[in-house]
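> What follows is a predicted structure for the sequence shown.
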Amino acid sequence: MVLLNAVPVITFLSDYGLSDDFVGVCHGVMARICPSAVVIDLSHGVPRGDVRAGALMLSGALPYSPVGVHLAVVDPGVGSERRAIALATADGRRLVGPDNGLLWPAAERAGGVLEAVDIGRSRFALQPVSATFHGRDIFSPVAARLAAGAALAEVGSAVEPGSLAALELTRARLEDGVLVAHAVYVDAFGNVQLDADEVAFALGQPVHVATVDGVSARARYGRTFADVAAGELLVYEDSSRRLAVAVNQGSAAERLGLAVGDELRVSSR
Amino acid sequence: MVLLNAVPVITFLSDYGLSDDFVGVCHGVMARICPSAVVIDLSHGVPRGDVRAGALMLSGALPYSPVGVHLAVVDPGVGSERRAIALATADGRRLVGPDNGLLWPAAERAGGVLEAVDIGRSRFALQPVSATFHGRDIFSPVAARLAAGAALAEVGSAVEPGSLAALELTRARLEDGVLVAHAVYVDAFGNVQLDADEVAFALGQPVHVATVDGVSARARYGRTFADVAAGELLVYEDSSRRLAVAVNQGSAAERLGLAVGDELRVSSR
Amino acid sequence: MVLLNAVPVITFLSDYGLSDDFVGVCHGVMARICPSAVVIDLSHGVPRGDVRAGALMLSGALPYSPVGVHLAVVDPGVGSERRAIALATADGRRLVGPDNGLLWPAAERAGGVLEAVDIGRSRFALQPVSATFHGRDIFSPVAARLAAGAALAEVGSAVEPGSLAALELTRARLEDGVLVAHAVYVDAFGNVQLDADEVAFALGQPVHVATVDGVSARARYGRTFADVAAGELLVYEDSSRRLAVAVNQGSAAERLGLAVGDELRVSSR
């Protein structure tokens, strides 16, 4: 149910944080080029340089965003040989960012890439292009030009969609009735999202979780935090429809000593 | 002096923080439904699950906001039996959030509730409604529909205003000439707001503050931070016209070991 | 290449942080007065009360922002005798903030001050003006009135541009072939900007850095983070075209124990 609107929309995701002016300067650059665009900050709290976390956040947020231009910058290789790209997806979105896999899951979810251009030498880049802030000098001006109506072919030179960097993602597996999953995201509340999409626990069922570090705990499979007492462990399907672990009014990441990438075993007893 | 404007305004307050994409996704949802709305982020830094802090912040900020739709989400009981509501106030505002007292002080300050609806099963909710992210699935779409012109009766089913959850707030009292107050808010600077509205200290007067933990200190009653030397304690009427304690270029919360809810005794000697 | 636009733009920079509602309330005040304005948050993460850091951030960000009204509040002397001012610069910008040097480098960079007014008793201030929150009561309403079309003379009383507070800034110097510089900004990544604009190192050249605390390390002069291995020190020209020190995928501030104001000696061996 996307309502078409005359207002161009740019969403913006990065690992810049909000304590410096990196995000504000990019907003300034976009406002100079396309003053009528509405810029929605999806988040600038992606852990620094964590392309995978940024990619998952982007692909999860896009279905809730208006169709528009989607700018994403998590770019540990800025200034190196990695390409800067802009894409058109099958569902009509345009994605702009570094070609390091950051855009890949979102593009897949948006029906795949129809067309891609290398914008590293875009005629719309701000000159001189700095070596360390392509968000300001390349990505923001190109995103704003697209929002203002430029065609993809105008902002860069064509590249083969098949040559774009992909991202390898882990997937949970079943081993003798035990779900062997991995932490893929820890939110600010300490809720831990796992790489499992479908789970066959029953509501209210006791489950058991164990980390490779030997932390082992009893939990309950439920729908929401209040389904367990304050301080107790909950296993649940989160709002992205992935299996997750939480502590009601507490932090599951802290309780279990879990960080992104860590393995967690979940069993029904 | 509210200037009427054609642009619909939504204010948005939550305890989501800005490191994840919760806030950004809600913005996306609202932009899809009401692209012309201006969304003002009042704050997303309410301490996690602290309904009282969120309620005080909302009621303090509303008089400075355009009349519009006011979305607030501090919702430790998300997915449980607590109701989700939308209200119309006597001064023409619409408030949207959980029925846990969060909206109550703001509604009182806005002249009281004229009409209320339960939006837990709103036809405008995003389906399927998740158990843990009603900000995205219920509150944001309803707020955006109201901003786009929907009547309250269209977004939910009527409930009795008298049945809404209220919030009990502490109030300072005088005891033998000593003001016995409580910390109600600690800002990022460490300034501590108390639950006292009217105080009879004279400008420049020395005062004495004491905590129940035995911390005791001399302060001065003044107008602004610079009225005391750097590092010294100031008691003053803050910008919300409540009594507060600060340290010039320092943190009163740290100096006095004060947290929200703690008692503080203030006397004129 | 500033595209003229009918949409009034206000940029907003402060040390308010985002955990409280200070920034949100100022947005509310501005939206009530000038609902059509686009407000761009340059940053609210200026270290508390650090006028120098705020001034450098503002002057660095302004060239990337649309010409408009530029509100800045880093105001440790709020409520004291320091003036509140609004300025018009030679390049058509209007700057609003405290007269404590915060606006000075930006005004210089914008071609100098053509006209200035004292807005401490502006008829557009919100009454009663609090002693501690001039951002809400004086600066925001005046900025919004200017964005809505008011002339500078309408919002305050004329003051002599030459009487405005300036800011003394350090500058690196050469001493026997050693560059003696000072840290002027540390960003969230731990990259340390120095007060040196022009440097004569060759790309790839090994350099040596030393602090007054006796920390001494080898680095390499390069263009971007990826020019050195992960964990190694890079000396480079940053995106503001100033000399800076970074650690690839790490924090130079931490590695070298550097804080703003500290001296750093950089030599070619």
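Looks like it arrived, so ask away.

> Residue A:253 against residue A:185, yeah?
No - between residue A:253 and residue A:185 there is no contact under C-beta atoms under 8 Å: 10.0 Å. (C-beta placed from N, C-alpha, C; glycine too.)

> Pull up the overlap in contacts between the two.
Listed contacts common to residue A:253 and residue A:185 are residue A:192; contacts here mean C-beta atoms under 8 Å, 6 or more residues apart in numbering or on different chains.

> Distance check, residue A:248 against residue A:224.
Using C-beta to C-beta, to the nearest Å, residue A:248 is found at 9 Å from residue A:224.

> other SSEs contacting the host helix or strand of residue A:207?
Residue A:207 is part of strand A:206-211, with elements assigned from DSSP states H and E. If contacts are counted by 3 or more C-beta pairs under 8 Å, 6 or more residues apart in numbering or on different chains; DSSP states H and E, strand A:206-211 sits against strand A:216-222, strand A:233-237, strand A:263-267.

> Provide the contact partners of it at residue level.
Residues from elsewhere that reach strand A:206-211, judged by C-beta under 8 Å, 6+ apart: A:201, A:216-221, A:233, A:235, A:245, A:256-258, A:262-269.

> tell me the contacts of the residue nearest to residue A:43 when sequence neighbours are not counted?
Excluding the flanking residues, the one nearest residue A:43 by C-beta to C-beta, 6 or more residues apart in numbering or on different chains is residue B:21, at 4.1 Å. Contact partners of residue B:21, counting by C-beta under 8 Å, 6+ apart, are A:13, A:42-43, A:57, A:60-61.

> My guess is residue A:18 contacts residue A:46. True?
No - assessed by C-beta under 8 Å, residue A:18 is found out of contact with residue A:46, at 11.9 Å.

> mind listing the helices in the stretch 51-200 of chain A by residue range?
Here the stretch 51-200 of chain A has its helices, by DSSP state H, counting those that start in this stretch, at A:51-61, A:104-109, A:134, A:140-147, A:152-155.

> Would you convert these into a markdown table that also reports mean pLDDT, distance to residue B:190 and mean neighbour count?
Shown next, in a markdown table, are these (pLDDT from 0 to 100; distance: least, C-beta to C-beta, whole Å; neighbours: other C-beta atoms under 10 Å in any protein chain shown):
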| stretch | mean pLDDT | distance to residue B:190 | mean neighbour count |
| --- | --- | --- | --- |
| helix A:51-61 | 96 | 32 | 24 |
| helix A:104-109 | 96 | 41 | 21 |
| helix A:134 | 97 | 38 | 27 |
| helix A:140-147 | 98 | 36 | 28 |
| helix A:152-155 | 98 | 48 | 17 |
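
> count of residues packed around residue A:190?
18 (other C-beta atoms under 10 Å in any protein chain shown).

> one step back: now list the buried members of the contacts of strand A:206-211.
Buried members of the contacts of strand A:206-211, counted by 16 or more other C-beta atoms under 10 Å in any protein chain shown: A:201, A:217, A:219-221, A:233, A:235, A:245, A:256, A:258, A:262-266.

> Minimum pLDDT in these, which residue is that?
Confidence by pLDDT is poorest for residue A:201 among the buried ones among the contacts of strand A:206-211, given 86.

> need the contact list for it.
Residues near residue A:201 by C-beta under 8 Å, 6+ apart: A:207, A:221, A:235, A:268.

> where's it relative to chain B, distance?
Here the criterion is C-beta to the nearest C-beta, to the nearest Å. By it, residue A:201 lies 14 Å from chain B.

> element containing that residue?
Counting by DSSP H and E, residue A:201 is part of no helix or strand.

> pretty sure residue A:188 contacts residue B:14?
No - Residue A:188 sits out of contact with residue B:14 when judged by C-beta under 8 Å, with a separation of 11.6 Å.

> that older thread, tell me which of residue A:18 and residue A:46 has more neighbours.
For residue A:18 versus residue A:46, neighbours defined as other C-beta under 10 Å are more numerous around residue A:46 (28 against 22).
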